[in-house]
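In: Quick one: sequence plus predicted model below, questions after.
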Amino acid sequence: MQQLNEMTQAAAKMEKKEENKKFTDVMECSPDTGNFYIPGLWNGNPPMAPVNAGYSEAVYELKKNIIHVLGSCESSANDILEFTEWMKSLWNAVKHENFIFSFRNSLVADAYMRLCTEFNKWDWEFRQLMYTWVTDAETRIRNFGTIAGKSEISDMSECVKQLKSEASTVLSEWETKLLENLAWYFKQTEGHVYLVEEYKEGFKSSAKTLRRQMQSSVFNQLTAAADIRQGMTELEKIKENRTKELEGRVRALIEKCQKKNIQMTEKELDEEFDKMWTETEEELSFKQMKFDDIYNSVTHQLREDVSQKGSYASTLLSQNRLQDCGRDPFRYTAEGILKRCKDKLTKVFNAQSHTTTVQHFADCIIDHCKQFISDKMQRKNNYHDTYIQEILKVIDERLQNIQDVKIDIEFEVSLKQHICGFAARQFQKMHEDYIHANDPSRCLNQNKEKFRTDFKDVFHDRDQCQKKAEEFTRCCLKPAVEDFVYRSLGPDIIVEMLTNEQFSTRMSFQYSVLLDLLRKDNFENYRSYICSYEKYVKNWILNKIVERFSEDSTMFEFEDRHVQSSIRIINAAVNKAKTEKSPNLESFVKNVCQELGDKLVISQDALGAFMILNNADQEQFALWLTECVKDMAQVLQEKLKNNNILMKLKDLRVNPQNELFNKLIGCGKQCPFCKAPCEAGGKVHTQHWTSLHRPQALGGIVCTRSKILTIDICSSDVVSDNTFQCVETNWERHPYKYYIKIFPDWKIPPDGSLKASNYWKYVLAKFNQKFVKAFKAKPTKIPVRWNKITPQQAEESLKESFNIK
């Protein structure tokens, strides 16, 4: 009935597009000579059952009739190669009674691959533009209220409001452009675009989802940057006032010493300076910096999140203090699962399987959140509530993607408490480190020796031009340029990696990972890929990045391009400041910083310390500054060239490893039977599918009663009389051939060639005993034919599955 409905829908679509009104308008068909009955291929259940002899006879008769009809046709709309592909697809459909479009059809696969490639290109252009926009916006926020700030708005909240409005405009423009590109693509007449018409709406939904996700991310980043900058404003005022007070006392000391009309020794000057410094510290009361209680902030956010789940969830949350959570490894134990199982034996094994599955999902979510926390801490910023909000959002999204198990509220609350407890502890440390690093008293004491040197220079009336130019370059410009390079380098690396076919589409990526596994032929790699897919794939991506940028000078070329870009901006700013004829050096430096404010973020602490006791001549300072900037470029280039690639990746503003993973992982769904990952294009799609299913044993599936690993392959099971049971069926047996009633969003086409799964058959046959030991199961009998599959045959099956020529 389902096939009939699909054929009816296809006919309706065809009627809209063409003038054909009857079936015979598009196909010649004689009820007398055009009907053939093809009996089942197997006598029994595959793969051990013998072949049905009647099948071969019927196939011969059908082939003979097709050749006869083909010979009598005057012309064909397709060339011989396309006709061959269509016949191959039709033949597979006939053998397996599967008349749905299948990706075994290379024409459909090629058309879909081209669509994915184009969409991925547009997707990345969108993301890359927004990465650049956010970087520039954050620079404006970090410079807000400083001499480098260009905003005419004096209120930070108004500034953020304006930036969010600008972001919304840019996001809307690019969403429209993305949808227009899709519309244009499907109007093409070449490349068999009509074969993938049914996926158009899915890609449109993905475009809209991308815009929503980008907007949420951008707004969170703007809010966090603004609030952190606002918090720094008060600290900077305190430091500025204390620095001016200290400068006044140093100048008074200089005047006092000069009035003595005697030549003071270095020791005497040091003694006078130390005395003045001690008196200043005693007289100027520094308010003790207070630390915020991050646990309270995180607890509030967690309580707000859990309250939406009902009063019982809130009650569970109140049973534990957040300070006590997340200290020990998370452990899940099954309880409700036992009540849902009928007999005792099933009860024991289902409980074990359920516990293992849920524990695995929990571990993956915890690892992902820990990576997020680590990335935030690496930036050495202050804590913001949006961080914990993002973590809770990630947990919710991951829990929604969990299959094969039912998640109860007890598990959800305990997992969130565990992760938030760990996060609160790390964020508390990050906050305290940030406050300590920006403590006014500590910052002034850090500059004590610099003040001492400046005091002596002014006392002796020494020329400060070269020294001050070097100081401004070393303390203000060099850190700002390094920061700019690391904020810009991430997208460059991603663009370079995307030029590789391995990262062009989700299918190409999966093919490359599986091919690499086969060539390395290592059990632990296979086990890691199967049991810890996300972790393995992330490491694989990282290794590919390191491998790519270790083989030549591409990374250095990217870095040098950004360094040279910064140097040009600095030189232009200096030259412009020269023409404005500033009344003093302070005004000159202010003009330079304002010109740099769109791209570089200059430390206010370093700039404030530089301006103290500065009697340098403006013109001479500008000349020395130009020379110092040249030297700085060489120093930076040498430093960046010698830095380890892994250390560079840790400091990047945009993490290429995570971005590539998120781009290629897709929806994150796995086949409900063999756990193979979904490869459907776009983030949002109505049907999940994968090119290569695998024996269920590789997903840790064992026979409930015997504990023997199950070697069945779902792409064969769906055309057999075999049955399955899982949490979705309430542990009742259900026929595989009607799997779509239980998993309507999954499309599992039969293994048309019966060779496509040779890849995983080879893996299971070679490492059978090791998988048995790893999954704590009993040995399974591997079919003799599986043991004869060679690595070359496995690779060929991989190519066939992914339509690689």
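Out: Sure, I can see it.

In: and the helix or strand containing M377, what does it pack onto?
Out: Using DSSP states H and E, M377 maps to helix 344-378. Under the contact definition 3 or more Cβ pairs under 8 Å, 6 or more residues apart in numbering; DSSP states H and E, helix 344-378 sits against helix 336-340, helix 385-400, helix 409-437, helix 533-550. Placement of C-beta: from N, CA and C, glycine included.

In: my guess is V250 is in a strand, correct?
Out: No. V250 sits outside any strand when classified using DSSP: H, G, I helix; E, B strand; the rest coil, being helix.

In: Enumerate every residue touching it.
Out: 273, 276, 451, 454-455, 612-613 (Cβ atoms under 8 Å, 6 or more residues apart in numbering).

In: what about the helices in the stretch 651-800 of the chain?
Out: 656-665, 714-717, 758-766, 768-774, 784-787, 791-801 (DSSP state H, counting those that start in this stretch).

In: Mind putting these into JSON lines with distance to N571 and mean neighbour count?
Out: Formatted as JSON lines, those follow (distance: least, Cβ to Cβ, whole Å; neighbours: other Cβ atoms under 10 Å):
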{"stretch": "helix 656-665", "distance to N571": "30", "mean neighbour count": "19"}
{"stretch": "helix 714-717", "distance to N571": "63", "mean neighbour count": "25"}
{"stretch": "helix 758-766", "distance to N571": "58", "mean neighbour count": "24"}
{"stretch": "helix 768-774", "distance to N571": "61", "mean neighbour count": "16"}
{"stretch": "helix 784-787", "distance to N571": "68", "mean neighbour count": "13"}
{"stretch": "helix 791-801", "distance to N571": "54", "mean neighbour count": "18"}
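
In: is it possible to export those helices to CSV including mean pLDDT and distance to D363?
Out: Output for those, formatted as CSV (pLDDT from 0 to 100; distance: least, Cβ to Cβ, whole Å):
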stretch, mean pLDDT, distance to D363
helix 656-665, 88, 17
helix 714-717, 82, 25
helix 758-766, 90, 24
helix 768-774, 87, 16
helix 784-787, 89, 31
helix 791-801, 89, 29
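
In: Which one of those lies nearest to A148?
Out: For those, the distance to A148 is smallest for helix 656-665, at 28.9 Å, taking Cβ to Cβ.

In: re the thing from before, which stretch in the helices and strands packed on helix 344-378 has the least confidence?
Out: Mean pLDDT per stretch puts helix 336-340 lowest among the helices and strands packed on helix 344-378, at a mean of 48.

In: Endpoint to endpoint, stretch 252-268 covers what distance?
Out: Criterion Cα to Cα, to the nearest Å; first-to-last residue distance in stretch 252-268 is 16 Å.

In: Quickly find the element holding the residue lying closest to V413 once chain neighbours are set aside.
Out: Leaving aside its sequence neighbours, V413 sits nearest to L316 (Cβ to Cβ, 6 or more residues apart in numbering; 4.5 Å). Secondary-structure element containing L316, defined by DSSP H and E: helix 311-317.

In: so how far is that helix off the chain centroid?
Out: Distance of helix 311-317 from its chain centroid, counting by Cα atoms, centre = their mean, to the nearest Å, is 32 Å.

In: closest one to C364 among the helices of the stretch 651-800 of the chain?
Out: Closest among the helices of the stretch 651-800 of the chain, using Cβ to Cβ: helix 656-665, at 11.7 Å.

In: I'd like the distance from that closest one to the chain centre, please.
Out: Chain-centre distance of helix 656-665: 4 Å, with Cα atoms, centre = their mean.

In: So which elements touch it?
Out: So helix 656-665, by 3+ Cβ pairs under 8 Å, 6+ apart, packs with helix 106-142, helix 478-498, helix 533-550.
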